[in-house]
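Peer 1: Structure, please.
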Amino acid sequence: MDKLYFIIPAYNEEANIEHVINQWYPIVESHNGQMVIIDDGSTDRTYEILRNKEKEYPLLTALSKKNGGHGATILYGYQYALEHHADYIFQTDSDGQTLPEEFEMFWAKRKKYDMVIGIRKNREDGWSRLVVTRVLRLVIGVCFRVRVPDANTPYRLMKGQTLARYIPLVPIDFNLTNVLLSVIFLKKGCKVKWLPITFRSRQGGKNSMNMKKIFKIGVKALKDFRYMNQLL
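Peer 2: Below is the predicted model of the structure:
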């Protein structure tokens, strides 16, 4: 049986995390998978809630690390899954914006592709995020000469073997891990499939990102992309 790990980063998600666990756990259970939620140094009750839910759900593992941002946290989770010999790794976020019921169409295509990644259609997360996605697509095209429809989608299923081969190319403290992995998979000629997904507005709590942070990350990413393109 394929060994499947669900990787979910969390930062100050006390308003969402229990609901997200309850939503996704039946999917995890139906595949005899492992749900790994990584608390990224939250300052609220997120990790406390995780530890309590861990007692209730045997397939849930709660991890905690020093705050390092979304990219560093999912990289930490991917490495954890690979260390535990995951055949497949699925990543989503802890804000309740994605739907568990759309997972099966990804799982059905796992044998044919190295990565199956969602394209966010009819997005409900605000115009600013849509602008960021479009600008990012343009920047990636200029820097890497590849077209990535939606590079940073938090809804992706990857073959563990392929991820293990290319994850060393991602810097430890990189802010846009999923973006870079999307680029790497395409640049290296991996088989990638894009599927439309529902993307709702945040289901509770407050978004820790704002336009100032996004701009700062974007400027750094542009410099990093130029450097990374020489390595790829």
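
Peer 1: switch to C-alpha atoms for all contacts and neighbour counts from now on
Peer 2: Fine.

Peer 1: Measure how buried Ile140 is and give me the count.
Peer 2: Each residue near Ile140 was counted by other CA atoms under 10 Å, and the total is 22.

Peer 1: And for the one 5 residues further on?
Peer 2: Other residues near Arg145 number 13, with proximity taken as other CA under 10 Å.

Peer 1: Kindly report the same for Pro26.
Peer 2: Pro26, neighbours per other CA under 10 Å, totals 12.

Peer 1: is it fair to say it lies in a helix?
Peer 2: Yes. Assessed by DSSP: H, G, I helix; E, B strand; the rest coil, Pro26 belongs to a helix.

Peer 1: Would you mind measuring from it to Leu63?
Peer 2: 20 Å (CA to CA, to the nearest Å).

Peer 1: residue contacts, Asn152?
Peer 2: Asn152 is in contact with 133, 176, 178-179, 182, counting by CA atoms under 8 Å, 6 or more residues apart in numbering.

Peer 1: Neighbour count added to these, as a markdown table?
Peer 2: Below are these laid out as a markdown table (neighbours: other CA atoms under 10 Å):
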| residue | neighbour count |
| --- | --- |
| Thr133 | 18 |
| Leu176 | 22 |
| Asn178 | 22 |
| Val179 | 19 |
| Ser182 | 22 |
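
Peer 1: tell me which of these is nearest to Cys143?
Peer 2: Val179 (12.6 Å; CA to CA).

Peer 1: wait, isn't the closest one in contact with Pro154?
Peer 2: No. Val179 lies out of contact with Pro154 (CA atoms under 8 Å); the separation is 10.0 Å.

Peer 1: doesn't Tyr155 make contact with Gln97?
Peer 2: No. Contact criterion CA under 8 Å: Gln97 and Tyr155 do not qualify, at 10.1 Å.

Peer 1: The two: who's more crowded?
Peer 2: Each of Gln97 and Tyr155 has its neighbours counted (other CA under 10 Å); Tyr155 has more, 24 against 20.

Peer 1: Can you show me the helices along the chain?
Peer 2: Listed from the start of the chain, the chain has helices (DSSP state H) covering 17-30, 46-56, 70-83, 103-107, 127-144, 160-166, 177-187, 211-231.

Peer 1: Which of those comes out lowest on mean pLDDT?
Peer 2: Among the helices of the chain, helix 211-231 carries the lowest mean pLDDT, at a mean of 62.

Peer 1: Spit out the contact partners of the residue lying closest to Tyr155 once chain neighbours are set aside.
Peer 2: In space, and not counting its chain neighbours, Tyr155 is closest to Thr92: 4.8 Å by CA to CA, 6 or more residues apart in numbering. The contact partners of Thr92, taken as CA under 8 Å, 6+ apart, are 6-9, 98, 154-156.

Peer 1: Nearest to Lys111, out of those: which one, please.
Peer 2: Nearest to Lys111 among those: Arg156, at 14.1 Å, using CA to CA.

Peer 1: can I assume the closest one is in contact with Asp114?
Peer 2: No. Taking contacts as CA under 8 Å, Arg156 lies outside contact range of Asp114: 10.4 Å.

Peer 1: Next, work out how far apart Thr198 and Val142 are.
Peer 2: With CA to CA as the criterion, Thr198 and Val142 are 28 Å apart.

Peer 1: next one: Tyr155
Peer 2: Taking CA to CA as the measure, Tyr155 falls 24 Å from Val142.

Peer 1: And for Pro171?
Peer 2: Relative to Val142, and taking CA to CA, Pro171 is found at 21 Å.

Peer 1: Fine by me, thanks again.
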